[in-house]
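>>> Structural data only, the sequence is not supplied:
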Ligand code: SF4
């Protein structure tokens, strides 16, 4: 998917480890720092809630998330505690053991599938869908303002990303007894949650795109820059378009 969006971004991701790591270590991108803070806190949230005594209440949900030095992130935590509390209350109406139904099956799961070029990924969370015994939902946290699923291009992009993960998980022995049927995108910036099914059409399109891209890479296709407004959110903006020369050439000055 990355190659299709921007060949140069794909090149940075796979070939320029230093640029990639340097960006993360320097942490000069405020949006990325906020996203990382949110991800880390949400991962610990479930362990803290599980360790706390029943009955739970909404205050415990908020306390299980930290107090940030950044008010924007605190707003995200307030919203997340509330929305997860509402999910728990819904489950309490439907399930005899809502605390168990509430807990994710996995968080921060690294996935890998050996292939022509190994497929790797990182899934934020996997939930068992309430009322089913074997249907799973892939949950992704996306904190950026570009992740608005009401925009059709973003919905397509997200479908492709989730389809890629679903294709890996479908062949992962740990999930033999499950079916990956839905995905959820949680965005605290918009205070919104989108819930969608994973269609067979999407999975077929992902397979086709993956094989096409592998062919291109194996043929050493060109790694051209594909500039757009999304460059402003690209983790490789500095190495790619940081110089005055490059910015001028691609109209960023
Ligand atoms: S900054 Fe733009 S052109 Fe450069 S790698 Fe990122 S998406 Fe591609």
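Sure thing, it's come through. What you are looking at is a predicted structure, and each value in this text was computed from that prediction instead of being measured. Numbering: from 1, shown residues only.

>>> all contacts plus neighbour counts: C-alpha atoms, from now on.
Fine.

>>> which stretches of the stretch 1-150 of the chain form helices?
Chain-ordered helices for the stretch 1-150 of the chain, with DSSP state H, counting those that start in this stretch as the definition, fall at 2-5, 7-15, 17-26, 30-51, 58-63, 71-94, 98-102.

>>> helices or strands next to the shortest one in the packing?
Helix 2-5 makes packing contacts with helix 7-15 when contacts are defined by 3 or more Cα pairs under 8 Å, 6 or more residues apart in numbering; DSSP states H and E.

>>> other SSEs contacting the helix it packs on?
Packed against helix 7-15, as judged by 3+ Cα pairs under 8 Å, 6+ apart, are the following elements: helix 2-5, helix 17-26.

>>> Which of the residues in it are classified as buried?
Within helix 7-15, the residues that count as buried by 16 or more other Cα atoms under 10 Å are 7, 8, 9, 10, 11, 12, 13.

>>> Around the ligand, pick out the residues from the stretch 151-253 of the chain.
225, 226, 227, 231, 234, 236, 237, 240, 241 (Cα under 6 Å from any ligand atom).

>>> Please indicate which of those are buried?
Those of those that meet the buried threshold are 225, 227, 231, 236, 240, 241, by 16+ other Cα under 10 Å.

>>> The second one reaches residue 251, doesn't it?
No - using Cα atoms under 8 Å, residue 227 is not in contact with residue 251; the gap is 9.2 Å.

>>> mind checking how far residue 39 is from the ligand?
Between residue 39 and the ligand the distance, using Cα to the nearest ligand atom, to the nearest Å, works out to 23 Å.

>>> mind listing what that residue touches?
residue 141 (Cα atoms under 8 Å, 6 or more residues apart in numbering).

>>> So which of the buried ones among the residues of the stretch 151-253 of the chain next to the ligand are in helices?
Residues from these lying in helices, with DSSP state H as the criterion: 240, 241.

>>> In a markdown table: the helices of the stretch 1-150 of the chain, plus mean pLDDT and distance to residue 163.
Written out in a markdown table, the entries for the helices of the stretch 1-150 of the chain read as follows (pLDDT from 0 to 100; distance: least, Cα to Cα, whole Å):
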| stretch | mean pLDDT | distance to residue 163 |
| --- | --- | --- |
| helix 2-5 | 72 | 14 |
| helix 7-15 | 75 | 18 |
| helix 17-26 | 47 | 24 |
| helix 30-51 | 92 | 21 |
| helix 58-63 | 95 | 31 |
| helix 71-94 | 96 | 25 |
| helix 98-102 | 93 | 24 |
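
>>> CSV for the ones you listed, including distance to residue 124?
Written out in CSV, the entries for the helices of the stretch 1-150 of the chain read as follows (distance: least, Cα to Cα, whole Å):
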stretch, distance to residue 124
helix 2-5, 19
helix 7-15, 19
helix 17-26, 18
helix 30-51, 8
helix 58-63, 19
helix 71-94, 15
helix 98-102, 16
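
>>> how about the residue in the stretch 1-150 of the chain positioned nearest to the ligand, what does it touch?
Relative to the ligand, the nearest point of the stretch 1-150 of the chain is residue 9 (3.5 Å; Cα to the nearest ligand atom). Taking Cα under 8 Å, 6+ apart, we find residue 9 in contact with 2, 3, 225, 234, 236.

>>> Repeat that for residue 192.
Contacts here follow Cα under 8 Å, 6+ apart; on that basis residue 192 touches residue 186.

>>> do you know how far residue 111 is from residue 174?
Look at residue 111 and residue 174: by Cα to Cα, to the nearest Å, they are 11 Å apart.

>>> out of those two, which sits in the busier spot?
Ranked by neighbour count (other Cα atoms under 10 Å), residue 111 and residue 174 place residue 111 first, with 15 against 9.

>>> What are the contacting residues of stretch 135-149?
31, 34-35, 39, 123-129, 154-155, 158, 162, 178-190, 194, 230.

>>> ok, of those residues, which come out buried?
A residue is treated as buried here by neighbour count (16+ other Cα under 10 Å); on that basis the buried members of these are 34-35, 39, 123-129, 155, 158, 162, 179-189.
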